[in-house]
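1. Predicted model and sequence follow; I will ask about them next.
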Amino acid sequence: MPYRPRVADQELVTRLASTGAVVIEGPKGCGKTATARQLAASEVLLDVDENARRAIEVDPRLVLDGPAPRLIDEWQIAPSIWNHIRRAVDDRGRPGQFILTGSAVPADDITRHTGAARLTRLRMRPMSLFETGRATGAVSLRDLLAGTPPRSMDTGLTVPDLAELVVVGGWPGNLTRSVPQSMQAARDYLDEIRRVDVTRVDERARDPEKVGRLLRALARHVATEVSITTLSADAGGADGPLARDTVMDYLAALDRLMIVEDQPAWAPHLRSRSRVRSAPKRHFVDPSLAAAALRATPERLLQDLNLLGFLFESLVVRDLRIYSQAADATVLQYRDNTGLEVDAVVEAADGRWAAFEVKLGQGQVDNAAATLLRFSERVDTGKCGPPAALGVIVATGYGYQRPDGVAVVPIGALGP
């Protein structure tokens, strides 16, 4: 099928213009290779080219030779090539020489010798609703950070539509699949993760059954600050809770595979004596994986709106991460000891920030707006600056700014 443009396309162009090599990292199946091929002049696919892997053992330059930018796909399969790429970048002295793609992060000792202006990393995730064509992009996150009020028509998305979008996810391969086929693909994906990938990522034997139980525990607590202790208990079996060290080891492997992605806490200067909680919220890189771990269908999600609400929040965080990265910003969250919580805080590199609550139903907007206003009063804006935007991201409806200054943004209108 034709290539669908990605938000990361321009990021890749910009980085290639100033750096010798760009490392595109992301979970397998998120579209890294297709994106790299839009700019690559030549390629070598290490996951399928056995001759290339043998050549690396004999003379890595054989694999690196070719028109630039040269794509080295799944480079982590032959991690010894890293230093040869670094050396080639030095020797050639020109930007845009290589694009590396990888669906697992190798051990730190392999990539610790990088050097300034040699290699840069670009994170990719599954597609946002804007990239799959299910969001119009009429409300730009970049514009919200610039203080522009939102304005958008009703995009026509319904809550049943979003239940389907949650289980299908943003995987490019699902664009031509039916909903049942997409659900089966996500379940197969997780099965491969627990049976093969968590062991292969650093060649350490792990129990697939225990990994599967941990994946289900993570899914039950998606978009929450669940503790290791709770995960240990929930992922336990007949022999009791999983050992804490085992849970942490499995989480580290899933993180290296880029299957899970924590949402860190924001720690602003506060006017009050409230204490900020530092625990991260836990997410899968795509909500479809949480749905797959729970074997949830759209019909079941519509019967359990509480679960759908958490998965919808995870979908919104996925999209915000994609749009924020393009705006040189990060996605955080806030919770303090008084119980005040904000689902997402987008903080730009220049210090601008915006806070968002995520609500599935329109009937929750008033309470969400009150939470955001109370939160903005608690932040010391003399040190952090005033919020560029306070907004409630909702499932359906129109985009507009309320009289109290809080924006209402339907996810079907949100874009970069």
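-> On my side now, so go ahead. Numbers count the residues shown, from 1 in each chain.
2. What pLDDT does the model give Gly115?
-> Per-residue pLDDT puts Gly115 at 54.
3. For the protein, which helix or strand comes out least confident on mean pLDDT?
-> Taking mean pLDDT, DSSP states H and E as the measure, helix 108-111 is the helix or strand of the chain with the lowest mean score, a mean of 55.
4. quick one: the helices in the stretch 1-150 of the chain?
-> Using DSSP state H, counting those that start in this stretch, the helices found in the stretch 1-150 of the chain span residues 8-16, 32-37, 50-58, 61-64, 81-92, 108-111, 129-132, 141-145.
5. Repeat that for the stretch 201-350 of the chain.
-> 208-220, 228-234, 244-256, 287-293, 298-303, 305-326.
6. Deepest-packed of the ones you listed, please.
-> Counting by mean count of other CB atoms under 10 Å, helix 287-293 has the highest mean neighbour count of the helices of the stretch 201-350 of the chain, with a mean of 28. The C-beta positions use only the backbone N, C-alpha and C, and glycine is treated the same way.
7. tell me what that helix is packed against?
-> Applying 3 or more CB pairs under 8 Å, 6 or more residues apart in numbering; DSSP states H and E, we find helix 287-293 packed against helix 159-168, helix 179-192, helix 208-220, helix 305-326.
8. Identify all contacting residues around it.
-> 126, 166-171, 182-183, 186-187, 189-190, 215-216, 218-219, 222, 259, 284, 301, 311-312, 314-315, 318 (CB atoms under 8 Å, 6 or more residues apart in numbering).
9. Go over the secondary structure and confirm Thr396 is in a strand.
-> No: under DSSP: H, G, I helix; E, B strand; the rest coil, Thr396 sits outside any strand and is assigned coil.
10. ok, it touching Gly412?
-> Yes: at 7.5 Å, Thr396 counts as touching Gly412 under the criterion of CB atoms under 8 Å.
11. got the end-to-end distance for stretch 263-274?
-> For stretch 263-274, the first-to-last residue distance is 21 Å (CA to CA, to the nearest Å).
12. Can you point out the buried residues in that stretch?
-> For stretch 263-274, burial by neighbour count (16 or more other CB atoms under 10 Å) applies to Gln263, Ala265, Trp266, Pro268, Leu270.
13. neighbour count winner among Thr396 and Gly412?
-> Gly412 (29 against 18; other CB atoms under 10 Å).
14. Which secondary structure state is assigned to that one?
-> Reduced to three states by three-state DSSP, Gly412 is helix.
15. OK, contacts around Leu307?
-> Leu294, Ala296, Leu301.
16. make it 7 Å
-> Neighbour list for Leu307: Ala296, Leu301 [criterion: CB atoms under 7 Å, 6 or more residues apart in numbering].
17. Over to Pro67?
-> By CB under 7 Å, 6+ apart, the contact set of Pro67 is Ala41, Ser42.
18. Distance check, the residue of the chain positioned farthest from its centre against Gly147.
-> Relative to the C-alpha centroid of the chain, counting by CA atoms, centre = their mean, Val58 is the outermost residue, at 37.2 Å. According to CB to CB, to the nearest Å, Val58 stands 58 Å off from Gly147.
19. For stretch 275-285, buried residues please.
-> Buried, per 16+ other CB under 10 Å, within stretch 275-285: Arg277, Lys281, Arg282, His283, Phe284, Val285.
20. Determine which two of those residues are furthest apart.
-> Arg277 and Val285 (23.3 Å; CB to CB).
21. With only the CA atoms kept, save stretch 366-379 in CSV.
-> C-alpha atoms of stretch 366-379 as CSV (Å, rounded to 0.1, in the frame of the first residue of the first chain):
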residue,chain,number,x,y,z
ASP,A,366,-16.8,20.8,33.9
ASN,A,367,-15.1,18.8,36.6
ALA,A,368,-12.0,18.4,34.5
ALA,A,369,-11.9,22.1,33.8
ALA,A,370,-12.2,22.9,37.5
THR,A,371,-9.3,20.5,38.2
LEU,A,372,-7.1,22.3,35.6
LEU,A,373,-7.9,25.7,37.0
ARG,A,374,-7.2,24.6,40.5
PHE,A,375,-3.9,23.1,39.3
SER,A,376,-2.9,26.3,37.5
GLU,A,377,-3.5,28.3,40.7
ARG,A,378,-1.2,25.9,42.6
VAL,A,379,1.8,26.3,40.1
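22. Could I get the average pLDDT for that stretch?
-> pLDDT averaged over stretch 366-379 gives 96.
23. for stretch 88-98, same thing?
-> 94.
24. ok, Val7 - contacts?
-> Per CB under 7 Å, 6+ apart, neighbours of Val7: Ser128, Glu131, Ile322, Tyr323, Ala326, Pro416.
25. Please produce CSV containing those residues, extended by distance to Thr246 and pLDDT.
-> Converted to CSV, these look like this (distance: CB to CB, whole Å; pLDDT from 0 to 100):
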residue, distance to Thr246, pLDDT
Ser128, 34, 98
Glu131, 36, 98
Ile322, 32, 98
Tyr323, 36, 98
Ala326, 37, 96
Pro416, 39, 97
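26. with the residues you listed in mind, which one is nearest to Leu332?
-> Checking the contacts of Val7 against Leu332 with CB to CB, the nearest one is Tyr323 at 14.4 Å.
27. so that closest one makes contact with Leu141?
-> Yes: using CB atoms under 7 Å as the test, Tyr323 is close enough to Leu141 to be in contact (4.1 Å).
28. what residues are shared contacts of those two?
-> In terms of CB under 7 Å, 6+ apart, Tyr323 and Leu141 are both contacted by the residues Pro416.
29. Domain map for this protein?
-> The chain breaks down into these domains under automatic domain parsing: 8-123, 129-415.
30. worst average pLDDT in the ones you listed?
-> Note on those: domain 8-123 shows the lowest mean pLDDT, a mean of 88.
31. ok, and the closest non-adjacent residue to Ala290?
-> Leaving out its chain neighbours, the residue that sits closest to Ala290 by CB to CB, 6 or more residues apart in numbering is Ala219, at 4.0 Å.
32. List the contacts of that neighbour.
-> Ala290, Ala293, Leu294.
33. Quick check: the gap between the second one and Arg216.
-> What that stands for is Ala293. Note on Ala293: its distance to Arg216, by CB to CB, is 5 Å.
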